[in-house]
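In: what follows is a predicted protein model with its sequence.
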Amino acid sequence: MSSLQPVRGTHDLMFDDIRRHRLVQAKFAALAAHYGYSEITTPIFEATDVFARTLGDTTDIVTKEMYTFETKGGESVTLRPEGTAGVARAFISEGLTQQTPLKFFYHGPMFRHERPQKGRQRQFHQIGAELLGVPGPQGDVEVIALADHTLRELNLSGHITLELNSLGDTESRAAYRAVLIDFLFGHREKLSAESRERLEKNPLRVLDSKEPADKEIVVSAPRFPDYLNQTSRDFFKAVQDGLNNLGIFFKLNSSLVRGLDYYSHTAFEFTTEALGAQGTVLAGGRYDGLIKQMGGPPTAGIGWAAGVERLAMLLSDLPPLPRPIAMIPVGESEDAIAQKLSHRLRNSGFNIDIGYSGNMGKRMKRANKLNARVALIIGEDEVKQSVVTVRQLDSGEQSRVAMADLESHLDLYR
Ligand code: ATP
Ligand code: MG
């Protein structure tokens with residue numbers, strides 16, 4: 001592999017791609033603030049334990065996907081594969097545990113060593129929200145409402161469905177796990193090798209398998225909702241009532257499980273048919289066990305994360321870029337005055353582009369390519385008379401304007 005290629009599974013983001021990312025981030029940030037969430041950014045690497053202990057040593061992320069390395073000081077650190085563990089670590093280490101409820105949102109790169117394909121990178125980006133210290137179902141409803149609103153704000157809700165399940169409390173999960181293991185053992189021979197392995201370590205994950213052979217078996221597996229105890233049923237009903245109350249449509253999916261061990265009660269995903277196999281754009285759930293497992297006081301938590309690349313692929317047209325004003329010195333001797341005038345106009349808030357090289361024709365071409373609204377042409381004659389030729393690029397109309405009056409004349413094009 002040439003070292004001049006980006007590392008497999010990583011991408012450069014530029015032009016429209018980065019604009020799509022920024023659009024997703026900006027709309028989400030504005031909306032999250034509107035819901036009372038404040039921004040947090042945690043380091044992109046943490047002590048390996050932060051992830052290994054919390055994600056559980058049987059999840060795909062921990063067993064196969066982490067970028068872990070030893071520092072020169074001999075510490076084991078890991079590039080963050082997801083955002084929740086870092087937020088939970090910060091909640092404890094920043095001494096915030098007595099300040100609940102706390103509402104955080106974040107965005108940033110995540111790293112997972114998995115097979116790159118469409119919608120699946122090794123460095124990707126997530127936006128996410130976490131609500132800490134709200135044990136009741138209103139919390140679930142709020143974070144799901146924020147997710148739903150974010151997708152609507154991006155005009156994506158048309159082809160995205162909210163799927164909902166409950167993983168119940170610890171007691172319900174233990175009961176379900178036992179019957180599920182029994183059932184899966186009965187079909188052991190037909191399961192994929194990977195699922196046979198999961199059956200030993202993390203049987204719930206078999207429900208999540210994408211292998212056709214596994215999917216066929218899973219269809220007739222015992223269903224989670226049938227093993228929920230009364231407390232868990234009441235909780236799940238309250239979440240559904242809350243969503244109905246807000247007019248948020250959802251579909252129940254009893255085989256929806258989250259890959260991470262610390263989830264309980266509500267699990268949800270927003271999925272689309274538009275992205276092929278990588279159809280989950282946003283996923284989340286309740287993780288009441290996490291903070292305690294990390295060494296903090298028992299604290300309820302619920303949150304979600306969405307893949308920015310997947311959202312970006314779904315976005316329709318970007319809003320047009322602001323149209324610049326093109327500064328066009330006719331010859332080298334007008335360069336200095338063009339620079340000075342550009343500086344003055346930029347300081348007054350105008351969007352000025354200077355092409356820097358080529359003849360007048362080449363510079364006009366660039367101005368058109370940038371969709372400039374106006375070109376400011378400065379030749380020898382203009383300099384002599386202290387004027388600028390202002391050409392409207394849509395109509396071709398042009399007029400001469402005194403250099404001193406440019407700001408007020410251009411006010412229209414700000
Ligand atoms: P998948 O089943 O697609 O592997 P996951 O269960 O591993 O997803 P989560 O850990 O729940 O995903 O992450 C939340 C979201 O982040 C996903 O729904 C997806 O949009 C995005 N995501 C996860 N992994 C990747 C990746 N490798 N590349 C791009 N986006 C990703
Ligand atoms: Mg994954």
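Out: Arrived safely. Ligands and ions are numbered 1, 2, ... in the order given.
In: residue 291 contacts residue 89, doesn't it?
Out: No. Using Cβ atoms under 8 Å, residue 291 is not in contact with residue 89; the gap is 9.6 Å. (C-beta placed from N, C-alpha, C; glycine too.)
In: get me the contact residues on the protein for ligand 1.
Out: By the rule Cβ under 6 Å from any ligand atom, the part of the chain lying against ligand 1 is 82, 112, 114, 119-121, 124, 126, 259, 278, 280-283, 305-307, 309-310.
In: in strands only, show me the residues you listed.
Out: Of the residues of the chain next to ligand 1, the ones assigned to strands by DSSP state E are 124, 126, 280-283, 305-307.
In: of those, closest to ligand 1?
Out: residue 307 (2.4 Å; Cβ to the nearest ligand atom).
In: residues contacting residue 375?
Out: Taking Cβ atoms under 8 Å, 6 or more residues apart in numbering as the criterion, residue 375 is in contact with 325-328, 364, 367, 390-391, 393.
In: and those residues as JSON lines, adding secondary structure, neighbour count and pLDDT?
Out: As requested, the contacts of residue 375 are arranged in JSON lines below (DSSP: H, G, I helix; E, B strand; the rest coil; neighbours: other Cβ atoms under 10 Å; pLDDT from 0 to 100):
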{"residue": "325", "secondary structure": "strand", "neighbour count": "24", "pLDDT": "97"}
{"residue": "326", "secondary structure": "strand", "neighbour count": "25", "pLDDT": "97"}
{"residue": "327", "secondary structure": "strand", "neighbour count": "27", "pLDDT": "97"}
{"residue": "328", "secondary structure": "strand", "neighbour count": "24", "pLDDT": "97"}
{"residue": "364", "secondary structure": "helix", "neighbour count": "19", "pLDDT": "93"}
{"residue": "367", "secondary structure": "helix", "neighbour count": "24", "pLDDT": "95"}
{"residue": "390", "secondary structure": "strand", "neighbour count": "19", "pLDDT": "97"}
{"residue": "391", "secondary structure": "strand", "neighbour count": "19", "pLDDT": "97"}
{"residue": "393", "secondary structure": "coil", "neighbour count": "19", "pLDDT": "95"}
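In: how much space between the closest residue to residue 305 other than its chain neighbours and residue 24?
Out: Nearest residue to residue 305, sequence neighbours excluded (Cβ to Cβ, 6 or more residues apart in numbering): residue 128, at 3.6 Å. Residue 128 sits 12 Å away from residue 24 when distances are taken as Cβ to Cβ, to the nearest Å.
In: same question for residue 80.
Out: Residue 80 sits 19 Å away from residue 24 when distances are taken as Cβ to Cβ.
In: the domain parsing of the protein - what is it?
Out: Under automatic domain parsing, the residue ranges defining each domain of the chain are 15-169+229-314, 325-413.
In: most packed of those domains?
Out: For the domains of the chain, ranked by mean neighbour count under the definition mean count of other Cβ atoms under 10 Å, the leader is domain 15-169+229-314 at a mean of 18.
In: next, the distance between the ends of it.
Out: Using Cα to Cα, to the nearest Å, the span of domain 15-169+229-314 from its first residue to its last is 17 Å.
In: got a pLDDT number for residue 62?
Out: As summarised for this prediction, residue 62 has a pLDDT of 80.
In: oh, that last question was meant for residue 317, not what I typed.
Out: At residue 317, the pLDDT value in this model is 85.
In: where does residue 234 land in three-state SS?
Out: At residue 234 the chain is in helix, as set by DSSP: H, G, I helix; E, B strand; the rest coil.
In: show me the strands in the stretch 201-350 of the chain, by range?
Out: Defined through DSSP state E, counting those that start in this stretch, the strands belonging to the stretch 201-350 of the chain, from first to last, are 251-252, 264-272, 280-286, 301-307, 325-329.
In: now for residue 341: which residues touch it?
Out: Residues counted as contacts of residue 341 (Cβ under 8 Å, 6+ apart) are 327, 376, 378, 388, 403, 406.
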